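Asker: Just the structure for this:
(2 chains, ligands or ions: 1)
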Amino acid sequence: MTDYLILGARLLGGQPTDLVLRDGVIAAFSADLAHAREGVPLETIDASGLVALPGLVDLHTHLREPGREDAETVLTGTQSAARGGFTCVHAMANTSPVADTAGVVEQVWRLGREGGFCDVQPVGAVTVGLKGERLAELGAMADSAAGVRVFSDDGICVSDAVLMRRALEYVKAFDGVVAQHAQEPRLTEGAQMNEGALSGELGLVGWPAVAEEAIIARDVLLAEHVGSRLHVCHLSTRGSVEIVRWAKSRGIDVTAEVTPHHLLLTDDLVRSYDPIYKVNPPLRTADDVAAVREGLADGTIDIVATDHAPHPMEDKECEWSAAAFGMIGLETALSIVQQTMVDTGALTWEQVAEVMSARPARIGRVPDHGRPLAIGEPANVVLYDPEATRTVTPGDTASLSRNTPYAGHELPGRVVATFLRGVPTVLSGELTEGVHA
Amino acid sequence: MKHLLSAGDLSRDEAVRILDTAEELLGVAQRPIKKLPTLRGRTVVNLFFEDSTRTRISFEAAAKRLSADVINFSAKGSSASKGEGLKDTALTLQAMGADAVVVRHGASGAPHRLAHEAWTKGAVVNAGDGTHEHPTQALLDAFTMRRHLVGGGAGPRAADGAGAGTGTDLAGKRVTIVGDVLHSRVARSNALLLHTLGAHVTLVAPPTLLPVGVDSWPVSTSYSLDEAIEGTDALMMLRVQGERMNAAYFPSAREYSRRYGLDVARMNRLPDHAIVMHPGPMNRGMEISADVADSGRSVIVEQVTNGVAVRMAVLYLLLGGAPAPATELQNEGHA
Ligand SMILES: [Zn+2]
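Answerer: I've put the predicted structure just below:
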């Protein structure tokens, strides 16, 4: 294993510091301590101008394996994650077969380990087959080698109030959390885009904000009633922010995430009828975008999560209503957060480390990620150049899919290096061979 | 004008030009030989992903009267009803050298995809997309209104005074559109076009059948047909599907009909010159009673005739680029 001496990186955007990564941990903060060890190569990286952050943690990633290996595999998805600065991703359960048994979650977890680009923490389904009828074997998944702590039927809302209540209660036995995709199903039958003046004009079935807010309101009350932990996936409206803010003020144990695309993009883009902008929950109004930014800045929204959702082009190169929901986002997430939150003065880099690493790791109960950059801590580190700019080309990704909404956008920042337990998965902006023990 | 995708894309002058052209072309339909050589050698494809015999026949007649080669491509039920078929079909049509593609599709925005994705080189005409728009229907409706309500022509039986409104718009006319606005592409296109032409549009429907955000449209709205009917110059009844009551848009067909249907008693409250319109196909007994549909105020059959002329004008202006129709019509014309 190679030792790394990183020169002059700005820790969490602060003063330039030298880091020594050795034996999988952060060994020292001084170049003087980087003496070459016998039989151990020492590589030096000039990191002047780069920001060092703890490896990013995504609580909401679709890796598509097993079942849709034409769209993404655990390997390509984790390579994409590494290029985006992530060292841990939570793989959503809506695969085929669904990740609703210990067998499937262990398979996904193992594929992540074998790939060696990013730790994969599987999310378990709440209900068998995501059908919303009866609970999956949550305890078996929790006890499996994958150690599942986050449960979600993401893509589908656990709309049955009794089932949701039971799930919230049941996961308390192993410190789990239910991550809800908040979408009242009857209010969103056939829904295609945000419901508002534009959906009326474009003749597309609306997805009203109330369908998200009604479920979040119900769920925070349920969580309060049974004393459980609730996580709200991809919150997207002003009303949702207000409900979560109210719930937190009451002391309800709720956390919430926002996606990079809901921090930046608005429903005007649907005017083109280009399904590259079709996503669930849908892109909302500029007022909603302002509200989720405020919510993230003031801590109402705890984290940013990508909802990276790969789809083959044939599911996007068609008419709007026939197209699949979702956009990829692992490799652009940090840049979008820089553009919308850091460059606007709403968050510091230290806070970015909180919302993209420390808190998602805490919510997901992954103890070795989202750690402070301190001596003895696991060497999960990303080096990021905030001064760089790049123009997004859909083909320039490790993902198997190309459905990025940012084609042609000039985005700030670039991931220069990602270290997973002291081994680079990305170096000089390029993927390495990964971590192979 | 490269494509006709939305009635909202037309300026007032472009719209008036289409109506004026249609006015001249209407004469062709009344001649023994209903044909002009204008689009000889050009290919018009009718690409119908959704059944609509009446619209397809109207476009087909329009293209043939301009001597275009017409290819009817019915994609319904084929693999094209799955999404990815749209692109492949477009590429096929392009390879076949289609100069214009007239597209009807069940998905809102499908014609935009066809036109904007470098899939189609020719002109794209939206012949109805999902619950979005149907711009040629709005043009034929405006054309019919202008013939009856503007210039010398006034009232239901005045349409023989052909061309009376040439060069003018519908400034100040009051148009009331009644029914399932939420699901109606006809209502959307009419609201946009009639506004552009200076008319005052009132949409009448139960609140459940008005789209969210309708207050940002350039129209007035009302929940009461009885209130809105006063002072109306043109009353347009939209088709309402009885099944809508299953999704709780209204309690029953009978209640709908009582509150929003047009019967003789309501019709008699219209001003004398007012006309009654319907884009077809009608649900007699639901939104319109048989007596009204067959009455002297009804211009519903004439709308069909005007549809051919308006579609001729659209194809002519999109593909012609030839001399002004007037000159050509005189050359070919009434000799
Ligand atoms: Zn979701």
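
Asker: Count the neighbours of whichever residue of chain A sits closest to the ion for me.
Answerer: Relative to the ion, the nearest point of chain A is A:His181 (3.8 Å; CB to the ion). All C-beta atoms are positioned from the backbone trio N, CA, C, and that covers glycine. Per other CB atoms under 10 Å in any protein chain shown, the neighbour tally for A:His181 reads 25.

Asker: Could I get the contacting residues of it?
Answerer: Listed by CB atoms under 8 Å, 6 or more residues apart in numbering or on different chains, the contact set of A:His181 reads A:Ser152, A:Asp153, A:Asp154, A:Gly155, A:Ile156, A:Cys157, A:Cys233, A:His234.

Asker: swap the cut-off to 7 Å and go again
Answerer: Contact analysis of A:His181 by CB atoms under 7 Å, 6 or more residues apart in numbering or on different chains lists A:Ser152, A:Asp153, A:Asp154, A:Gly155, A:Ile156, A:Cys157, A:Cys233.

Asker: burial count for the last one?
Answerer: Close neighbours of A:Cys233, defined as other CB under 10 Å, add up to 24.

Asker: Tell me where chain B has strands.
Answerer: Along chain B, counting by DSSP state E, strands occupy B:43-48, B:69-74, B:100-105, B:123-129, B:174-178, B:200-204, B:220-222, B:234-237, B:275-277.

Asker: Among the ones you listed, which one carries the weakest average confidence?
Answerer: Sorting those by mean pLDDT places strand B:69-74 lowest, at a mean of 90.

Asker: Just give the nearest non-adjacent residue to A:Ala140, would you?
Answerer: Using CB to CB, 6 or more residues apart in numbering or on different chains and skipping the chain neighbours, the partner closest in space to A:Ala140 is A:Ala102 (4.4 Å).

Asker: Tell me the backbone dihedrals of that neighbour, please.
Answerer: phi -60, psi -40 (degrees, to the nearest 10).

Asker: Spit out the contact partners of it.
Answerer: By CB under 7 Å, 6+ apart, the contact list for A:Ala102 reads A:Ala140, A:Met141, A:Ser144.

Asker: For A:Val108, see how far away the first one is.
Answerer: The reference is to A:Ala140. 15 Å (CB to CB, to the nearest Å).

Asker: burial of residue 135, as a residue count?
Answerer: No chain specified, so I'll use chain A. 18.

Asker: Chain B was what I was after
Answerer: By the criterion of other CB under 10 Å, B:Pro135 has 32 neighbours.

Asker: Show the model's pLDDT score for it.
Answerer: For B:Pro135, the pLDDT comes out at 98.

Asker: now do A:Ser30
Answerer: 85.

Asker: Assess the claim that it and A:Leu19 are in contact.
Answerer: No: at 9.0 Å, A:Ser30 does not count as touching A:Leu19 under the criterion of CB atoms under 7 Å.

Asker: Any stretches of the chain with poor pLDDT?
Answerer: In the absence of a named chain, chain A is used. Residue ranges of chain A with pLDDT under 70: A:437.

Asker: Sorry, I should have been clearer: chain B.
Answerer: Scanning chain B for pLDDT under 70 picks out B:76-84, B:117, B:152-164, B:321-335.

Asker: can you list the residues of it near chain A?
Answerer: Selection of chain B residues close to chain A by CB under 7 Å from any CB of the partner chain yields B:82-84, B:86-87, B:105, B:107-110, B:112-113, B:130-133, B:185, B:188, B:211-214, B:216.

Asker: Output the set of residues of chain A in proximity to chain B.
Answerer: Chain A comes close to chain B at residues A:195-197, A:199-200, A:202-204, A:206, A:273, A:314, A:317-323, as judged by CB under 7 Å from any CB.

Asker: hmm, try it at 8 Å
Answerer: A:195-204, A:206, A:208, A:272-274, A:314-315, A:317-323 (CB under 8 Å from any CB of the partner chain).

Asker: Can you say which of those are buried?
Answerer: A:195-204, A:206, A:208, A:273-274, A:315, A:317-323 (16 or more other CB atoms under 10 Å in any protein chain shown).

Asker: what's near enough to touch B:Thr144?
Answerer: So, once contact is read as CB under 8 Å, 6+ apart, B:Thr144 ends up touching B:Ile275, B:Met277, B:Val299, B:Glu302, B:Gln303, B:Asn306.

Asker: Please apply the same query to B:Val219.
Answerer: With contact taken as CB under 8 Å, 6+ apart, B:Val219 is in contact with B:Ala191, B:His195, B:Val201, B:Thr202, B:Leu203.

Asker: any chance of those in a markdown table, with neighbour count too?
Answerer: Shown next, in a markdown table, are the contacts of B:Val219 (neighbours: other CB atoms under 10 Å in any protein chain shown):
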| residue | neighbour count |
| --- | --- |
| B:Ala191 | 27 |
| B:His195 | 19 |
| B:Val201 | 25 |
| B:Thr202 | 20 |
| B:Leu203 | 26 |
